[in-house]
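Undergrad: Could you look at this predicted model? Sequence included:
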Amino acid sequence: MPSNKDVFWVRQDVFGNRISFYMATWNYHAEKHAYDKIPTTPEHIYQAIIDPDFAHRSLVDVIGPESCIFEKFFQAEQQSFFVPVLYEGVTIPGEYDRGGKTGKVLTGYFLDSSKPSNMIGEIFWSKAEEDEKDETK
(Lines give C-alpha, C1' and ligand atoms only; values in the text may rest on other atoms or scores of the structure.)
Protein backbone atom coordinates (compact mmCIF):
# COMPACT_ATOMS: atom_id res chain seq x y z
CA MET A 1 0.00 0.00 0.00
CA PRO A 2 1.47 3.40 -0.98
CA SER A 3 2.19 5.92 1.74
CA ASN A 4 1.30 9.59 1.81
CA LYS A 5 4.83 10.29 0.60
CA ASP A 6 4.49 8.39 -2.71
CA VAL A 7 3.67 11.00 -5.38
CA PHE A 8 1.69 10.17 -8.52
CA TRP A 9 2.48 13.57 -10.09
CA VAL A 10 3.15 17.25 -9.31
CA ARG A 11 1.76 20.00 -11.57
CA GLN A 12 1.22 23.73 -11.51
CA ASP A 13 -2.34 25.01 -11.17
CA VAL A 14 -3.66 28.09 -13.00
CA PHE A 15 -2.59 30.36 -10.13
CA GLY A 16 1.04 29.22 -10.13
CA ASN A 17 0.78 26.93 -7.11
CA ARG A 18 2.51 23.54 -7.03
CA ILE A 19 -0.08 20.77 -6.65
CA SER A 20 0.77 17.18 -5.67
CA PHE A 21 -1.37 14.14 -6.32
CA TYR A 22 -0.41 11.29 -4.00
CA MET A 23 -0.71 7.57 -4.72
CA ALA A 24 -2.49 7.02 -1.39
CA THR A 25 -5.13 9.59 -2.43
CA TRP A 26 -5.62 7.84 -5.76
CA ASN A 27 -5.90 4.40 -4.14
CA TYR A 28 -8.46 5.64 -1.63
CA HIS A 29 -10.31 7.58 -4.31
CA ALA A 30 -10.36 4.65 -6.76
CA GLU A 31 -11.85 2.35 -4.15
CA LYS A 32 -14.45 4.93 -3.15
CA HIS A 33 -15.53 5.76 -6.72
CA ALA A 34 -15.02 2.39 -8.46
CA TYR A 35 -18.74 1.94 -9.02
CA ASP A 36 -19.74 5.54 -9.74
CA LYS A 37 -21.95 6.13 -12.77
CA ILE A 38 -18.91 7.75 -14.44
CA PRO A 39 -15.67 6.39 -12.96
CA THR A 40 -12.91 8.89 -12.33
CA THR A 41 -9.52 8.52 -13.97
CA PRO A 42 -6.20 10.16 -13.10
CA GLU A 43 -6.54 12.04 -16.41
CA HIS A 44 -9.76 13.71 -15.22
CA ILE A 45 -7.97 14.96 -12.12
CA TYR A 46 -4.92 16.06 -14.11
CA GLN A 47 -6.97 18.03 -16.66
CA ALA A 48 -9.10 19.70 -13.97
CA ILE A 49 -5.94 20.97 -12.26
CA ILE A 50 -3.98 22.20 -15.28
CA ASP A 51 -6.90 23.40 -17.45
CA PRO A 52 -10.00 24.07 -15.33
CA ASP A 53 -13.03 26.00 -16.53
CA PHE A 54 -13.75 27.48 -13.10
CA ALA A 55 -12.34 27.74 -9.59
CA HIS A 56 -14.71 27.83 -6.63
CA ARG A 57 -14.26 28.75 -3.01
CA SER A 58 -14.73 25.82 -0.68
CA LEU A 59 -17.47 25.99 1.94
CA VAL A 60 -16.09 23.17 4.10
CA ASP A 61 -15.97 24.68 7.61
CA VAL A 62 -12.64 23.25 8.72
CA ILE A 63 -10.58 23.81 5.55
CA GLY A 64 -12.63 26.31 3.52
CA PRO A 65 -10.17 29.24 3.66
CA GLU A 66 -7.30 26.93 2.68
CA SER A 67 -8.97 25.04 -0.15
CA CYS A 68 -10.17 25.58 -3.69
CA ILE A 69 -12.39 23.43 -5.88
CA PHE A 70 -11.47 23.24 -9.56
CA GLU A 71 -14.24 22.48 -12.07
CA LYS A 72 -13.87 21.20 -15.62
CA PHE A 73 -16.57 20.14 -18.07
CA PHE A 74 -15.72 16.96 -19.97
CA GLN A 75 -17.39 16.64 -23.38
CA ALA A 76 -17.19 12.83 -23.56
CA GLU A 77 -18.98 12.44 -20.22
CA GLN A 78 -21.21 15.50 -20.71
CA GLN A 79 -20.69 16.38 -17.08
CA SER A 80 -18.64 18.65 -14.85
CA PHE A 81 -15.84 17.21 -12.77
CA PHE A 82 -14.70 18.70 -9.44
CA VAL A 83 -11.28 18.50 -7.75
CA PRO A 84 -10.82 19.92 -4.24
CA VAL A 85 -7.26 21.02 -3.44
CA LEU A 86 -5.95 21.81 0.04
CA TYR A 87 -3.14 24.41 0.19
CA GLU A 88 -0.42 24.70 2.83
CA GLY A 89 0.73 27.90 4.50
CA VAL A 90 -2.44 29.92 3.85
CA THR A 91 -2.66 32.67 6.47
CA ILE A 92 -5.26 34.87 4.73
CA PRO A 93 -8.40 33.19 3.31
CA GLY A 94 -8.06 32.71 -0.43
CA GLU A 95 -4.34 33.56 -0.39
CA TYR A 96 -3.64 30.71 -2.85
CA ASP A 97 -5.11 32.95 -5.62
CA ARG A 98 -1.73 34.73 -5.78
CA GLY A 99 0.31 31.56 -6.39
CA GLY A 100 3.50 30.41 -4.74
CA LYS A 101 1.79 27.88 -2.44
CA THR A 102 1.91 24.11 -2.37
CA GLY A 103 -1.21 22.01 -2.30
CA LYS A 104 -2.52 18.49 -2.56
CA VAL A 105 -5.43 16.90 -4.36
CA LEU A 106 -8.04 15.65 -1.89
CA THR A 107 -10.29 13.76 -4.35
CA GLY A 108 -12.03 14.17 -7.70
CA TYR A 109 -15.59 13.38 -8.74
CA PHE A 110 -18.43 13.90 -11.17
CA LEU A 111 -21.63 15.17 -9.57
CA ASP A 112 -24.58 12.85 -10.12
CA SER A 113 -27.09 15.68 -10.05
CA SER A 114 -27.39 19.09 -11.65
CA LYS A 115 -27.59 20.61 -8.15
CA PRO A 116 -24.10 21.57 -6.92
CA SER A 117 -22.88 20.29 -3.59
CA ASN A 118 -23.46 22.56 -0.61
CA MET A 119 -19.68 22.40 -0.05
CA ILE A 120 -18.94 24.18 -3.35
CA GLY A 121 -19.00 27.96 -3.06
CA GLU A 122 -19.06 30.79 -5.55
CA ILE A 123 -16.89 30.91 -8.65
CA PHE A 124 -14.00 33.34 -8.15
CA TRP A 125 -11.98 32.48 -11.28
CA SER A 126 -13.13 31.62 -14.79
CA LYS A 127 -11.10 30.44 -17.78
CA ALA A 128 -13.30 32.54 -20.07
CA GLU A 129 -12.49 35.70 -18.10
CA GLU A 130 -8.76 34.87 -18.21
CA ASP A 131 -8.96 34.32 -21.98
CA GLU A 132 -10.68 37.73 -22.37
CA LYS A 133 -7.93 39.41 -20.34
CA ASP A 134 -5.25 37.78 -22.52
CA GLU A 135 -6.97 38.98 -25.72
CA THR A 136 -7.06 42.61 -24.56
CA LYS A 137 -3.33 42.73 -23.79
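TA: That came through, no problem.

Undergrad: Report the contact partners of the most centrally placed residue in the chain.
TA: With distances taken as CA atoms, centre = their mean, the residue of the chain nearest its centroid is V83 (2.9 Å). Taking CB atoms under 8 Å, 6 or more residues apart in numbering, we find V83 in contact with I45, A48, I49, P52, I69, F70, E71, K72, V105, L106, T107, G108. In short, each C-beta sits where N, CA and C put it, glycine included.

Undergrad: which residues of the protein fall in strands?
TA: With DSSP state E as the criterion, the chain has strands at 7-12, 18-22, 54-58, 67-74, 79-87, 102-105, 109-110, 120-126.

Undergrad: which stretch among those strands comes nearest A34?
TA: Evaluated with CB to CB, the strands of the chain place strand 109-110 nearest to A34, the distance being 12.2 Å.

Undergrad: Adding distance to V90 and pLDDT, write the contacts of V83 out as JSON lines.
TA: Shown next, in JSON lines, are the contacts of V83 (distance: CB to CB, whole Å; pLDDT from 0 to 100):
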{"residue": "I45", "distance to V90": "21", "pLDDT": "95"}
{"residue": "A48", "distance to V90": "20", "pLDDT": "97"}
{"residue": "I49", "distance to V90": "17", "pLDDT": "97"}
{"residue": "P52", "distance to V90": "19", "pLDDT": "98"}
{"residue": "I69", "distance to V90": "15", "pLDDT": "96"}
{"residue": "F70", "distance to V90": "16", "pLDDT": "97"}
{"residue": "E71", "distance to V90": "20", "pLDDT": "96"}
{"residue": "K72", "distance to V90": "23", "pLDDT": "96"}
{"residue": "V105", "distance to V90": "16", "pLDDT": "96"}
{"residue": "L106", "distance to V90": "14", "pLDDT": "93"}
{"residue": "T107", "distance to V90": "19", "pLDDT": "91"}
{"residue": "G108", "distance to V90": "21", "pLDDT": "91"}
